[in-house]
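S.K.: Following is a predicted model, sequence given first.
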Amino acid sequence: MDALFSEGSSSSTAPTSPSSSPLVHPSEIDDLKLSQLPQVRHGLEEYPRNLSVKDVCFIGAGYVGGPTAAVLALHNPAVTVEVVDRDPHRIQQWKSPHLPVHEPGLDALVRAVRKDSEEETQSASQRQQNLVFSCESARALAKADIIFMAVNTPTKMFGVGAGCATNMTAFDGAMRDVATYAKAGAIIVEKSTVPGGTADRVRKMLAASRPGVPFEVLSNPEFLAEGSAIENLTTPDRVLIGSAATPSGRQAARTLASLYTAWVPSDRILETNTWSSELAKLVANAMLAQRISSINSISAICERTGAEVDQVAKAIGLDARIGPQFLKAGLGFGGSCFRKDIASLAYLAESLGLDDVAEYWRQVNTMNERQRDRFAHKVISRFDGNLVGHKLAILGFAFKKNTGDTRESLAADVIRVLLEERPSEIAIFDPFCRADDIMRELKTVCPDVSERDVVKIHTDPYLACSQAHAILVVTDCDQFRNTPGKKPIWTHNSNFVQSCAADCTDCRAHSTRPTTEAIEWPRIAYNMVEPKWVFDGRGLLDVAELEKLGVRVDSVGRRTFH
Ligand SMILES: NC(=O)C1=CN([C@@H]2O[C@H](COP(=O)(O)OP(=O)(O)OC[C@H]3O[C@@H](n4cnc5c(N)ncnc54)[C@H](O)[C@@H]3O)[C@@H](O)[C@H]2O)C=CC1
Ligand SMILES: O=C(O)[C@H]1O[C@H](OP(=O)(O)OP(=O)(O)OC[C@H]2O[C@@H](n3ccc(=O)[nH]c3=O)[C@H](O)[C@@H]2O)[C@H](O)[C@@H](O)[C@@H]1O
């Protein structure tokens, strides 16, 4: 354990092995790649096994709450992990074969540990069943030894701090439930990304609403990335735990750490104070996003010179001090977190009177927005400023590959700019996104858009691209690559899982998911119409190979000679 506190060491307890291996019914994991199954580690050096923890509650069954709870449950078979949400539809989805979150390895993991109906429970009595999904917050909170707050914390869009500060409505609402129902001695864990100082605020709130009742508040931010959540949770670079620098605060941190040490080596657990932990989460995201904006700013230079951004990125990434990751130029960063966490960091700096610091970080977001605008305007200028009468196909709507998450989709911003030019059609294909999610996200940036007029959403990439004057590759899906000799990529296609009604409770029979493979560019190119432009917003395509098919290619971060 790496402790940053000045007080004495907490590592005195003898090692204890996990009491039993997680029970996974073999029939439940036949389609789970072995490499995706979290590996249980034995022989822990520093932390005792889950100190008297029997019940854990997650509030928020989202992208973080669901996968994190599942991995925690798998590795702590003696602990009941209950995930509660105020959205009954979401809970129903978690109970069905069609989970609300697409993540490689998640389906099989949830099936392996989820508690099913009584009927199914009897038939699967050999299976570990310690993961529960419900809407019964009061009951779950009342028995929980540890409560993870995993609710959404978006940017506040009204009043003081609009556009920058964090909207804590969901978090504070959930905290009110905790204050009402949690038992004395419960440990409350901030899993959501929150503004610095939130733990202090929560402590005060609890002291006011439950005077004299002991609670501990910890910060334990999540660093998983979507599309690799199970892998990230299984082998995290670090688990960060911030606690009050008091004996009971440290003890609470040890109790939480003892759950993690069921599979995470002790030396990857880092303890800090709560402020450091809260701030570290914002800074981690800000630094990652800063690298993307930096390389994207260079891509703009490359497009006007002879340099190629991938070559520049490779050359600098080989410097061990810089490293190769997060240097892929593209359309900028999308997703629900980078932009809002940078805004939150900047807002914090501003509220501390550090305007120059705030401005420095805001520039990362500004550069990000410009990257998308530059791309959309490049498309328009390739058509001499006139898109009227032209069909454009968009490949990819999610904010990155391997996820169906459409929040802060890069495609939506690009489409918003293109729609102003009145093209005849914008056809969208994404192998992971549901049509209603695409439409909902699109409406947040273009409120008047309707699927009935210009925008069409397809489940078949060939239909989407047929008769298109231009194709825009917006998501870095491997399915869109044209790398010669590469094997087809097979993947679940949640577009095809629409046959069940939203409230279907017995949809196992409908759970066979057709797959989609790497698209055939020769077929796509053949069915395009002149001028046959392909705009590669992700630097994904082999330009020379594609040009052999008679299309014109414009790739981010490269000068195009057409
Ligand atoms: N999505 C990601 O990859 C990551 C997200 N985070 C952070 O984790 C937090 C959660 O993010 P997501 O899981 O993406 O959000 P999400 O929006 O997918 O899930 C949040 C869930 O909380 C529920 N909820 C809100 N208020 C509630 C209440 N009072 N009681 C019960 N349920 C309530 C919502 O219905 C929703 O299902 C955010 O703070 C985010 O910044 C951190 C790391 C990665
Ligand atoms: O707090 C969060 O929500 C999470 O945010 C990111 O995870 P995520 O947003 O899921 O995905 P990333 O892989 O970081 O990608 C973010 C965006 O940047 C883009 N990106 C990423 C890397 C790169 O080199 N270039 C690039 O354009 C991606 O396509 C995507 O649009 C962080 O990577 C996680 O560590 C963090 O926990």
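M.R.: Arrived safely, thanks for sending. Ligands and ions are numbered 1, 2, ... in the order given.
S.K.: list the contacts for residue 453?
M.R.: By CB atoms under 8 Å, 6 or more residues apart in numbering, the contact list for residue 453 is empty. No exception for glycine: its C-beta is placed from N, CA and C like everyone else's.
S.K.: Can you tell me the element the closest residue to residue 215 other than its chain neighbours falls in?
M.R.: Nearest residue to residue 215 in three dimensions, chain neighbours excluded: residue 206, at 5.0 Å (CB to CB, 6 or more residues apart in numbering). Following DSSP states H and E, one finds residue 206 within helix 198-209.
S.K.: can you tell me the average pLDDT over that helix?
M.R.: Averaging pLDDT along helix 198-209 yields 97.
S.K.: just the CA coordinates of it, formatted as CSV?
M.R.: The C-alpha trace of helix 198-209 is given here as CSV (Å, rounded to 0.1, in the frame of the first residue of the first chain):
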residue,chain,number,x,y,z
THR,A,198,-17.6,17.4,-1.8
ALA,A,199,-16.6,14.9,0.9
ASP,A,200,-16.3,17.8,3.4
ARG,A,201,-19.7,19.1,2.3
VAL,A,202,-21.3,15.6,2.7
ARG,A,203,-19.8,15.2,6.2
LYS,A,204,-21.4,18.5,7.2
MET,A,205,-24.7,17.6,5.7
LEU,A,206,-24.8,14.2,7.5
ALA,A,207,-23.8,15.9,10.8
ALA,A,208,-26.7,18.3,10.4
SER,A,209,-29.3,15.7,9.4
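S.K.: quick one: average pLDDT of the helix or strand following that helix?
M.R.: Going down the chain from helix 198-209, the next helix or strand is strand 216-219, by DSSP H and E. Mean pLDDT, strand 216-219: 98.
S.K.: measure the closest residue to residue 327 other than its chain neighbours to residue 261 for me?
M.R.: Distances taken as CB to CB, 6+ apart place residue 313 nearest to residue 327, at 4.1 Å, with adjacent residues excluded. According to CB to CB, to the nearest Å, residue 313 and residue 261 sit 37 Å apart.
S.K.: interface residues of the stretch 301-450 of the chain facing ligand 1?
M.R.: 336-337 (CB under 6 Å from any ligand atom).
S.K.: ok so, going back, can you tell me what sits against the helix holding residue 206?
M.R.: 168, 171, 175, 178-180, 188, 190, 213, 215, 217-219, 242, 244, 274-275, 278.
S.K.: okay, now the residue nearest to residue 215: neighbour count?
M.R.: 21 (other CB atoms under 10 Å).
S.K.: Repeat that for residue 139.
M.R.: The burial count for residue 139: 14, using other CB under 10 Å.
S.K.: Repeat that for residue 147.
M.R.: If you count neighbours by other CB under 10 Å, residue 147 ends up with 28.
S.K.: Tell me the pLDDT of it.
M.R.: pLDDT, read off for residue 147, is 98.
S.K.: now do residue 562
M.R.: 69.
S.K.: OK, contacts around the residue of the stretch 251-400 of the chain found nearest ligand 1?
M.R.: At 4.9 Å from ligand 1, residue 337 is the closest residue in the stretch 251-400 of the chain, using CB to the nearest ligand atom. Shown in contact with residue 337 (CB under 8 Å, 6+ apart): 193, 285.
S.K.: State the distance from it to residue 107.
M.R.: 23 Å.
S.K.: Residue 147 too?
M.R.: Residue 147 is 26 Å from residue 107, by CB to CB.
S.K.: which SSE is the residue nearest to residue 327 in?
M.R.: Using DSSP H and E, the element containing residue 313 is helix 309-317.
S.K.: What of residue 525?
M.R.: With DSSP H and E as the criterion, residue 525 is inside helix 521-526.
S.K.: in the very next helix or strand once past that helix, what counts as buried?
M.R.: Going down the chain from helix 521-526, the next helix or strand is strand 533-536, by DSSP H and E. Neighbour counts over strand 533-536 (16 or more other CB atoms under 10 Å) mark 533-536 as buried.
S.K.: Pretty sure residue 480 sits against residue 398.
M.R.: No - with contact defined as CB atoms under 8 Å, residue 480 does not reach residue 398; the gap is 12.0 Å.
S.K.: which of the two has more neighbours?
M.R.: residue 398 (30 against 25).
S.K.: and the more buried one, helix, strand or coil?
M.R.: Classification of residue 398 by DSSP: H, G, I helix; E, B strand; the rest coil places it in coil.
S.K.: got it, and residue 402?
M.R.: coil.
S.K.: so how many other residues sit close to the residue nearest to it when sequence neighbours are not counted?
M.R.: With sequence-adjacent residues excluded and distances taken as CB to CB, 6+ apart, residue 402 is closest to residue 227, at 3.3 Å. For residue 227, the neighbour count with other CB under 10 Å is 21.
S.K.: sec struct for residue 227, please.
M.R.: Residue 227 falls in the coil class when you classify it by three-state DSSP.
S.K.: pretty sure it is touching residue 400, no?
M.R.: Yes - assessed by CB under 8 Å, residue 227 is found in contact with residue 400 at 6.0 Å.
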